[in-house]
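# Output the structure for:
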Amino acid sequence: APYSTMYNPDTLHLLPGYLDQPIPFDTQANGTPVDYSTITESEMRSIMAAYYGMITEIDDGIGSIIQKLKEKGLYDNTIIVFTSDHGEYLGYHHMILKCNHLYDPLAKIPLLIKYPQQQFCGNIDPSLSLLRKKRRNYVFSEGQYGTEQSPNIGYMFRSDSYKLLVRGSFKNAVLYDLKKDPYEQHNVAHLSEYQEILKEFQ
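Here you go, the predicted model:
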């Protein structure tokens, strides 16, 4: 309290990418004990309300730290970095938690930097400045699930327009056209018009 009851589930809007039922491709890769198909819309809204409450609690905690730094005269000379290791589906494809494919809600994580001087680094590039003028063409991410004895490793390769998901063999890769399908629901890897795109990712 008060965060656990701060948000009313009945007033929340389900997020973009929500589906009434999970996609079989997702249920086959479920790395959690949760049966996605049994989650009702009402339960999803309650999960969202609890999650929003946790976010607000974190916001308040960070605010307290910043206020204390200012009181002690340390704020202007302090580097503050806020990041995370993964996102949360929160209803995307009718899923919750994190142990599944590297869809955008899971892969897009915050990186906020407040700095007294220009000292930058990225999440996976400690030697590169975030001020560099040249943009990346692709982003790579890796997720490992399962156990040490039976690992289940998934990879994501993403450009502005396309995303490739790979688990196991590249022959089983899944490709999404993000311009036409921003919520990653239709695999186009088998279509002839996307074969050149697949070659670019290889």
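
# Can you identify each of the helices in the chain by residue range?
Applying DSSP state H to the chain gives helices spanning 24-27, 41-71, 104-107, 195-201.

# what is the rounded mean pLDDT of the third one?
Same thing as helix 104-107. Helix 104-107 carries an average pLDDT of 94.

# just the longest one next, same as before
Helix 41-71 shows a mean pLDDT of 97 in the predicted model.

# May I ask you to confirm that residue 39 is in contact with residue 94?
Yes. Shown here, residue 39 and residue 94 form a contact pair, counting by CB atoms under 8 Å, at 6.8 Å. No exception for glycine: its C-beta is placed from N, CA and C like everyone else's.

# Counting neighbours, go ahead and name the busier of those two.
For the pair residue 39 and residue 94, the greater number of neighbours falls to residue 94 (21 against 18), based on other CB atoms under 10 Å.

# Was I right to think the more buried one contacts residue 19?
Yes. Counting by CB under 8 Å, residue 19 is a contact partner of residue 94 at 4.7 Å.

# what stretches of the protein score poorly on pLDDT?
117-134, 145-147 (pLDDT under 70).

# so where do the strands sit in it?
Here the chain has its strands, by DSSP state E, at 80-83, 111-114, 139-146, 151-158, 162-167, 174-177.

# So which of these is nearest residue 31?
strand 139-146 (3.9 Å; CB to CB).

# For stretch 185-197, what is the distance to the chain centroid?
23 Å (CA atoms, centre = their mean, to the nearest Å).

# now do stretch 54-63
Here stretch 54-63 is found 19 Å from its chain centre; the criterion is CA atoms, centre = their mean.

# now stretch 51-61
Relative to its chain's centre, stretch 51-61 lies at 18 Å (CA atoms, centre = their mean).

# how about that stretch: buried residues?
52-53 (16 or more other CB atoms under 10 Å).

# What separation is there between the residue nearest the centre of the chain and residue 1?
The residue lying closest to the centre of the chain (CA atoms, centre = their mean) is residue 106, at 2.1 Å. Distance, residue 106 to residue 1, by CB to CB, to the nearest Å: 29 Å.
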